[in-house]
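>>> Here is the input, now give the coordinates:
(chains A and B)
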Protein chains: 2
Amino acid sequence: MKQEHIDQINEAVRAVASKERINHFYFVACGGSQAFLMPGQYLFDREIEIPSSVYSSNEFVHRAPKALGPDSVVITCSHSGNTPETVKAAEVSREKGATTIALSNLVDSPLWKASEYCLHYDWRDADESDKNKGILYRLLFSVLNTIQPCEKYQKGIDAVDHLNGVIEDAKTKYADRLKEWGSKYKRETLIYTMASGASYGEAYSFTSCLLMEMQWIHSSAIHSGEYFHGPFEITDFDVPFIIIKGVGATRPLDDRAYAFCKKYSNEIMLVDEAEFDMTGIDEEVQEYFAPLLAGAVLRSLADEFAYQRGHDLGVRRYMWRMEY
Amino acid sequence: MKQEHIDQINEAVRAVASKERINHFYFVACGGSQAFLMPGQYLFDREIEIPSSVYSSNEFVHRAPKALGPDSVVITCSHSGNTPETVKAAEVSREKGATTIALSNLVDSPLWKASEYCLHYDWRDADESDKNKGILYRLLFSVLNTIQPCEKYQKGIDAVDHLNGVIEDAKTKYADRLKEWGSKYKRETLIYTMASGASYGEAYSFTSCLLMEMQWIHSSAIHSGEYFHGPFEITDFDVPFIIIKGVGATRPLDDRAYAFCKKYSNEIMLVDEAEFDMTGIDEEVQEYFAPLLAGAVLRSLADEFAYQRGHDLGVRRYMWRMEY
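Next comes the predicted model:
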């Protein structure tokens, strides 16, 4: 990881450490960036005694939680740094005295200016430790170590430095299946995506950003635990589901959903995190990192869909093309 | 409201009041019951300085938030009182020393036995103040008054006593439209539902329980604020959306989603809470109660779909019919 990134993270963590009391961590962003922050709540829930929650930016701004104040820490993200709802969320949080930490690819963006502590991340061909997920995870593990010194801290930091290898391995392992799925499901107009725990954010972003936004395929992210409380009634032999089986505490939920679903649907794409080679990632933190590998596999599936369907991932009919 | 119900609520509220410190309110349930508790988080966010969050029961049990403990209050609900995941969530919470409050239609159910404070609610032909939403709202307003004495308390309690009239009025007002929609959309295989704020739970339960579970219609609950961050790209002239416009703090999100959506889809069913006659409900608490009216209208729409499609709401292919 670049020293500049480490310095930015350390500065934010020092600000968190210097707080006398923290009542709540708020993770606030929109769409794919919101999904990206979801594992943060999962990790904090599992490891520290301060509660946290996730909000879509505009809901957060208008709902204006009364608990938001000097005892709060608000972590936001916007890739462009320009998402107006997220900029506003940072501004509102800062006005209320909360500690504001923002992640963005764009330095000096509006979000950057609205926030006290700004973390830049690289994009595309950079080292994984300097990209958005690497930066977020280093921040999260550093914060948890500050709140409650923890032997998982070093394991988390070390894992970030091994992301390149394990992500490449995961994509290679799934390459043949991705080609087959891309071809087999290219005519589908609706695909459900299921996950739970640390992986739920990957299902949400795949649904909202890859399938709906970039491929115009109808979709819904179903929580594996909620599947049995309504949604499972739409399961049928020809209804396709992508199911992520995590390796963390909520894997039993995914196992159960998968076991049921495969009895009644013939169209399941299974991404099983237990299949991934996680060499270099300590077993105790694998549940947090495996979703990043599942996400990389799903991203490659979207590339394959785009190729097979002749629908480039960059094509939009509304986004960036008109006022909304 | 029956005295027995008031007594049960008062006992739970006294337990909350007697706590030295509360770090967090957890609302925990599955499917429709989870959706039913969602406005609780919204109301608490708006009115009190203690943060709260909503979890699906099995996620809560397996994730096992470290912040859960003697300083927490856990509010659960299961209509039958038998939902194993929710019973387990109450058990785990109680073992950790949290104050556990459960709502159920069934007295002496497993959930009832697992929880310290149990609130019975009536069903079907009862007075609305004694049904699930009446009981929940009286509990919520009583808790908030205990945390932070508040002039909205009495307004909330009074509103509960006026639910019968306003719910009937709302259904009457929408009766013609419901018949028209039931006929017009009876062949649809996919319908999206959008809402935000206090109404999001109504969109979630309509999607999961009414459309997917009871009518086998594909659906997804889209948060009005998230619509612009991916999902809106699937909007097209023939894609049907049900949009709830709330009357609360997040109405601007719904207005924006509706304004955009109606430009590109010809198939919108709008449930506008501003149309409801809320006589007897003080203006200051209307944002919390209007979703109950929207929910009643959507429930009537499901009845109309069931009639027009010849698919009774009680028909299941999996639920209650097999092991899962």
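
>>> what kind of secondary structure is the residue most central in space within chain A in?
Geometric centre of chain A, nearest residue: A:Phe36, 2.5 Å, by Cα atoms, centre = their mean. Secondary structure assignment for A:Phe36 (DSSP: H, G, I helix; E, B strand; the rest coil): helix.

>>> so it touches A:Gly201, yeah?
Yes: the pair A:Phe36 and A:Gly201 qualifies as a contact (Cβ atoms under 8 Å) at a distance of 6.5 Å. To be clear about C-beta, it is placed using only N, CA and C from the backbone, and glycine gets the same treatment.

>>> can you give me how far the helix or strand A:Glu168 falls within is from the chain middle?
Element membership for A:Glu168 (DSSP states H and E) is helix A:163-184. Put simply, helix A:163-184 sits 19 Å off its chain's centre (Cα atoms, centre = their mean, to the nearest Å).

>>> what's that helix in contact with?
A:127-129, A:133-134, A:269, A:271, A:275-281, A:289, A:292-294, A:296-297, A:300-301, A:304-305, A:307-308 (Cβ atoms under 8 Å, 6 or more residues apart in numbering or on different chains).

>>> repeat that with 7 Å
With contact meaning Cβ atoms under 7 Å, 6 or more residues apart in numbering or on different chains, helix A:163-184 is reached by A:127-129, A:134, A:269, A:275-281, A:292-293, A:296-297, A:300-301, A:304-305, A:307-308.

>>> same check, this time on stretch A:4-21
A:71, A:73, A:99, A:101, A:116-120, A:130, A:135, A:138-139, A:142-143, A:146.

>>> and stretch A:236-249 with chain B, contact?
Yes: if you take Cβ under 7 Å from any Cβ of the partner chain as the test, stretch A:236-249 does meet chain B, through A:Ala249.

>>> Spatially nearest residue to the residue sitting furthest away from the middle of chain A, not counting backbone neighbours?
Distance from the C-alpha centroid of chain A peaks at A:Phe237, with 30.0 Å (Cα atoms, centre = their mean). Spatially, and ignoring its direct neighbours in sequence, A:Phe237 is nearest to A:Asn266 (5.1 Å; Cβ to Cβ, 6 or more residues apart in numbering or on different chains).

>>> Assign that neighbour to helix, strand or coil.
coil.

>>> again, but for the one 4 residues further on
For A:Leu270, the reduced secondary structure class is strand; criterion used: three-state DSSP.

>>> pretty sure A:Tyr204 contacts A:Ser219?
No: A:Tyr204 lies out of contact with A:Ser219 (Cβ atoms under 7 Å); the separation is 10.2 Å.

>>> gap between A:Glu273 and chain B?
Counting by Cβ to the nearest Cβ, to the nearest Å, the gap from A:Glu273 to chain B is 15 Å.

>>> burial count for that residue?
27 (other Cβ atoms under 10 Å in any protein chain shown).

>>> where does it land on pLDDT?
We note a pLDDT of 98 for A:Glu273 in this prediction.

>>> Ok, A:Gln148 next?
89.

>>> ok, now which ones touch the residue lying closest to it once chain neighbours are set aside?
Of all residues not flanking A:Gln148 in the chain, A:Ile48 sits nearest, at 5.5 Å (Cβ to Cβ, 6+ apart). Each residue near A:Ile48 by Cβ under 7 Å, 6+ apart is listed here: A:Leu144, A:Ile147, A:Gln148, B:Lys66.

>>> coming back round to it: got a list of what the residue farthest from the centre of chain A touches?
A:Phe237 touches A:Tyr264, A:Ser265, A:Asn266, counting by Cβ under 7 Å, 6+ apart.

>>> Quickly note the distance from the second one to A:His229.
Separation of A:Ser265 from A:His229 (Cβ to Cβ, to the nearest Å) stands at 18 Å.

>>> which bits of the stretch 51-200 of chain A sit near chain B?
So the stretch 51-200 of chain A meets chain B at A:51, A:53, A:56, A:58-59, A:62-67, A:85, A:190, A:196-197 (Cβ under 7 Å from any Cβ).

>>> Selection in ChimeraX covering whichever of the residues you listed are buried, please.
Selection of buried members from these for ChimeraX, criterion 16 or more other Cβ atoms under 10 Å in any protein chain shown:
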select /A:51,53,56,58,59,62,63,65,66,67,85,190,196,197
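
>>> Taking the residues of the stretch 51-200 of chain A next to chain B, tell me the two that lie furthest apart.
A:Lys66 and A:Leu190 (39.8 Å; Cβ to Cβ).

>>> ok, A:Thr86 - contacts?
A:Val28, A:Ala29, A:Cys30, A:Ser57, A:Thr76, A:Ser78, A:Leu111.

>>> To which secondary structure element is it assigned?
Going by DSSP H and E, A:Thr86 is in helix A:84-95.

>>> Could you list every helix and strand that the helix or strand just after that helix packs against?
Downstream of helix A:84-95, the first helix or strand assigned by DSSP H and E is strand A:99-104. Contacts defined by 3 or more Cβ pairs under 7 Å, 6 or more residues apart in numbering or on different chains; DSSP states H and E place strand A:99-104 against helix A:3-17, strand A:72-77, helix A:84-95, helix A:110-114, strand A:117-120, helix A:132-147.
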